[in-house]
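*Asks:* Here is a sequence with its predicted model. Questions after.
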Amino acid sequence: MTETNVFPDTVLRTERLLLRPFTPDDAHDTWASCADPETQRWLPLPRPYTRKDATAWCTTGSHALRESGDGIHFAVAGPDDGRLLGTVGLKRTDWRVRTSEAGYWVAPWVRGRGVATEATRALAAWLLSDQGFQRLELRAATGNIASQRVAVKAGLRREGVLRNAGFVHTGRVDLVVFSLVPGDLAAAPVKAHG
């Protein structure tokens, strides 16, 4: 019998954010965020995104990613009121070569406030330092300038473009690839508190 590699059930804290597992209480804000036209523009989520979709994500889907070993997804919340502000997570984890791909979305009511950048920095520090991974990758559609800005502000380096590598509701898109490796953290350390 082989043991499946999984990330530990974890809570991370930054100066302004709490990164924690999703709960059923996050379903309404998840629905409002994922049904938002800008979120729908760049992510191939169900369309229309229903309350049932949100509940399924918050209660089973997000947790199943961790349990399967594919990744882990954190609800990004305010530390005081616990309200959902977005998500940041890992997917396509390769345990043998110690790489994973980051992704995120931010609730419309907090866009432009650095939430995705701060959450991505915390996730990167946790993955590369605490979990001993060797590479964090992030992919963003060439037209998704806001997501590309988050990647750069979070310290990731732009590597190039994967042609016709992504899918959104309007069809195929090229993806810009960004990465972060442990040596990058030493040059510009980021903090996450577990």
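*Replies:* Received it, and whenever you're ready, just let me know what you need.

*Asks:* from here on, contacts and neighbour counts on C-alpha atoms
*Replies:* Fine.

*Asks:* Show me what the residue nearest to S62 when sequence neighbours are not counted is bridged to.
*Replies:* For S62, ignoring the flanking residues on the chain, the nearest one in space by CA to CA, 6 or more residues apart in numbering is H73 at 5.8 Å. For H73, the beta-bridge partners are G89 (DSSP bridges).

*Asks:* Pretty sure H73 sits against G89.
*Replies:* Yes. Counting by CA atoms under 8 Å, G89 is a contact partner of H73 at 4.0 Å.

*Asks:* what about dumping the CA coordinates of the lowest-mean-pLDDT helix or strand in the chain to CSV?
*Replies:* None of the helices or strands of the chain scores lower by mean pLDDT, DSSP states H and E than helix 182-187, at a mean of 86. C-alpha atoms of helix 182-187 as CSV (Å, rounded to 0.1, in the frame of the first residue of the first chain):
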residue,chain,number,x,y,z
PRO,A,182,13.9,28.9,-2.8
GLY,A,183,16.9,31.1,-3.9
ASP,A,184,14.4,33.9,-4.8
LEU,A,185,13.1,33.8,-1.2
ALA,A,186,16.6,34.3,0.2
ALA,A,187,17.0,37.4,-2.1
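
*Asks:* For A64, give its distance to N5.
*Replies:* 13 Å (CA to CA, to the nearest Å).

*Asks:* and what of E137?
*Replies:* 19 Å.

*Asks:* Which helix runs longest in the chain?
*Replies:* Longest helix in the chain by number of residues (criterion: DSSP state H): helix 115-125.

*Asks:* so what secondary structure elements neighbour it?
*Replies:* Under the contact definition 3 or more CA pairs under 8 Å, 6 or more residues apart in numbering; DSSP states H and E, helix 115-125 sits against strand 84-94, strand 99-106, helix 145-153.

*Asks:* I'd like to know which of those lies nearest to L45.
*Replies:* strand 99-106 (11.4 Å; CA to CA).

*Asks:* which outside residues touch the closest one?
*Replies:* 33, 39, 71, 85-94, 115-116, 120, 133-139 (CA atoms under 8 Å, 6 or more residues apart in numbering).

*Asks:* circling back to that earlier point, so for E137 and N5, which residue has more residues nearby?
*Replies:* E137 (23 against 16; other CA atoms under 10 Å).

*Asks:* show me what contacts the more buried one?
*Replies:* Contacts of E137 (CA under 8 Å, 6+ apart): T99, S100, E101, A102, V177, F178, S179, L180.

*Asks:* before we move on, which element is the residue nearest to the fifth one when sequence neighbours are not counted in?
*Replies:* Of all residues not flanking V177 in the chain, R139 sits nearest, at 4.7 Å (CA to CA, 6+ apart). Following DSSP states H and E, one finds R139 within strand 135-141.

*Asks:* Where does pLDDT dip in the chain?
*Replies:* Residue ranges of the chain with pLDDT under 70: 1-3, 187-194.

*Asks:* Cool, thanks, signing off.
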